[in-house]
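**Student:** What follows is a protein structure lacking sequence information:
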């Protein structure tokens, strides 16, 4: 420890490695040996099921130094220790530490590991590191590889494949990505099992990762490495796992903003390697989620970088096309402000309405015409477990990454149609009510926007079984396994699917026309994510929905 990360010796070592069989099997096999109970029996598809092909288809200031100052203070506050004889608490998030420097604070004392962990969980107790032949670092890394890494195949580029290279290259054990991976894996295990030892070490590695990020940011060469920005993205997973309140969400945003700072700092040189380009795409996607929550447009400097990157990315890349549309949605959302109650767009509402309609149609048309490998199948299974499959309907995608992109589209269109609803209900009814009435230009448009949001919501919920591991699709053999009996232990990669879908579930749960049944189903799925993956953010989102007492009488 204490050495400077030497990084990679040559550019060729920075490309994605296709080592899916031998490489991924080692850490994942280790994860199963160390921490997993036997799998539940697999349930075949009901003979009454119907499977068919789908036939239709103020800008914040970004300063690199600000993230450095923030993470430096947090790293000092969460200084890792090797003395485990005294209690060490797992921080809820980066914001849990007090500060006199204008940084986020919780105003409450840090709690002990026992207080932070849900001891009432029905999940079987996992073995402690002392009872296994592997080190605690092996346990954390193996759990991360098993649950948060997906290898690329077919149309899917995979997710966090680069972490596999870091795991297998022992020269990187002093780099931030190594500590960040351990922190995420151990924090998830701690929340699932109630293991205080895991919690202590997760906190230590979280502080360790922040310390190493600080060191990297002071070194121009290290700051520009792909592993540094990836470490910050991975720490965003840590905040998701430990999230308990609004300050935790703000801390997650800090890591996303920190990644954005590095993207700007790295400039166009980051596009010189395939891994650098892929990390840029993923980081921007995370940034868009953060800015959606804040209802702010994407900063101009990130837009300029996207323009440069677009020269190297195929125009047919669905994630890239979705992000481009998402940027337009954020712009429109910030201008219209759908949550505002009083009309204020007398001169602009009609122009904004036409723009929203055009953009919604463009996104719908793009996804309807995607290549076959990006399409999904619709399964109608009346015998499916209702707590896992909403109203007996589910989708089957190539993998969870493809499903993630589709759900991103659905969320974008839900936001757009909410903008349309607000413009008609708030603006048109005030400035030109006749146009929304019978025979008017916009007659029936309000009802259509509600119907569209309902369809998008139902399609999003139909993806949940695969995202949460109740349905597994083996793309290479086109085999689909329906595992409805598995209620507590997700299969490989299910934690990542849960990470991908939880924010979309929350957005769907906030729709004002949801019936009590629909809202209750979404809340139950978020609680399920908390129990099976250890992600406290899902519980936080579920509790936010539970506090909303405005249940609609609409039962559609």
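**Tutor:** Cool, the structure landed. Since this is a predicted model, take the numbers as computed values, not measurements.

**Student:** Find the nearest non-adjacent residue to residue 495, please.
**Tutor:** residue 147 (3.6 Å; Cβ to Cβ, 6 or more residues apart in numbering). Every C-beta, even on glycine, is put in place using the N, C-alpha and C of the backbone.

**Student:** Around the one you found, how many other residues sit close by?
**Tutor:** Burial measure for residue 147: 26 neighbouring residues, criterion other Cβ atoms under 10 Å.

**Student:** for residue 307, same thing?
**Tutor:** 9.

**Student:** now swap in residue 438 and tell me
**Tutor:** So residue 438, with other Cβ under 10 Å, has 7 neighbours.

**Student:** hang on, it in a strand?
**Tutor:** No - read with DSSP: H, G, I helix; E, B strand; the rest coil, residue 438 is coil and lies in no strand.

**Student:** can you tell me which residues contact residue 224?
**Tutor:** 265-266, 269-270 (Cβ atoms under 8 Å, 6 or more residues apart in numbering).

**Student:** Would you list the buried entries among these?
**Tutor:** Among the contacts of residue 224, the ones that count as buried by 16 or more other Cβ atoms under 10 Å are 265-266, 270.

**Student:** Mind telling me what element the residue nearest to residue 495 is part of?
**Tutor:** Residue 147 is located in helix 136-148, with elements delineated by DSSP states H and E.

**Student:** Same check on residue 355?
**Tutor:** Counting by DSSP H and E, residue 355 is part of helix 349-368.

**Student:** other SSEs contacting that helix?
**Tutor:** Here helix 349-368 touches helix 318-336, helix 400-422, going by 3 or more Cβ pairs under 8 Å, 6 or more residues apart in numbering; DSSP states H and E.

**Student:** Buried deepest among the ones you listed, which one?
**Tutor:** Greatest average neighbour count among those goes to helix 400-422 (a mean of 24), per mean count of other Cβ atoms under 10 Å.

**Student:** For that one, name the packing helices and strands.
**Tutor:** Contacts defined by 3+ Cβ pairs under 8 Å, 6+ apart place helix 400-422 against helix 274-294, helix 318-336, helix 349-368, helix 445-467, helix 494-509.

**Student:** which residues touch residue 310?
**Tutor:** With Cβ under 8 Å, 6+ apart, residue 310 has these contacts: residue 320.

**Student:** One more: residue 529?
**Tutor:** With Cβ under 8 Å, 6+ apart, residue 529 has these contacts: 468, 498, 502, 535, 538.

**Student:** if you set the cut-off to 10 Å instead, what comes out?
**Tutor:** 464, 467-468, 490, 494-495, 497-499, 501-502, 505, 535-539, 541-542 (Cβ atoms under 10 Å, 6 or more residues apart in numbering).

**Student:** Look at it and report its pLDDT.
**Tutor:** We note a pLDDT of 94 for residue 529 in this prediction.

**Student:** Does it lie in a helix or a strand, and which?
**Tutor:** Assigned by DSSP H and E, residue 529 falls within helix 516-533.

**Student:** follow-up on the earlier one: could you dump the contacts of residue 224 to JSON lines with secondary structure and pLDDT?
**Tutor:** Below are the contacts of residue 224 laid out as JSON lines (DSSP: H, G, I helix; E, B strand; the rest coil; pLDDT from 0 to 100):
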{"residue": "265", "secondary structure": "helix", "pLDDT": "88"}
{"residue": "266", "secondary structure": "helix", "pLDDT": "89"}
{"residue": "269", "secondary structure": "helix", "pLDDT": "90"}
{"residue": "270", "secondary structure": "helix", "pLDDT": "90"}
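
**Student:** Tell me how far the closest residue to residue 521 other than its chain neighbours lies from residue 320.
**Tutor:** Nearest non-adjacent residue to residue 521, counting by Cβ to Cβ, 6+ apart: residue 390, 5.7 Å away. Residue 390 sits 30 Å away from residue 320, going by Cβ to Cβ, to the nearest Å.
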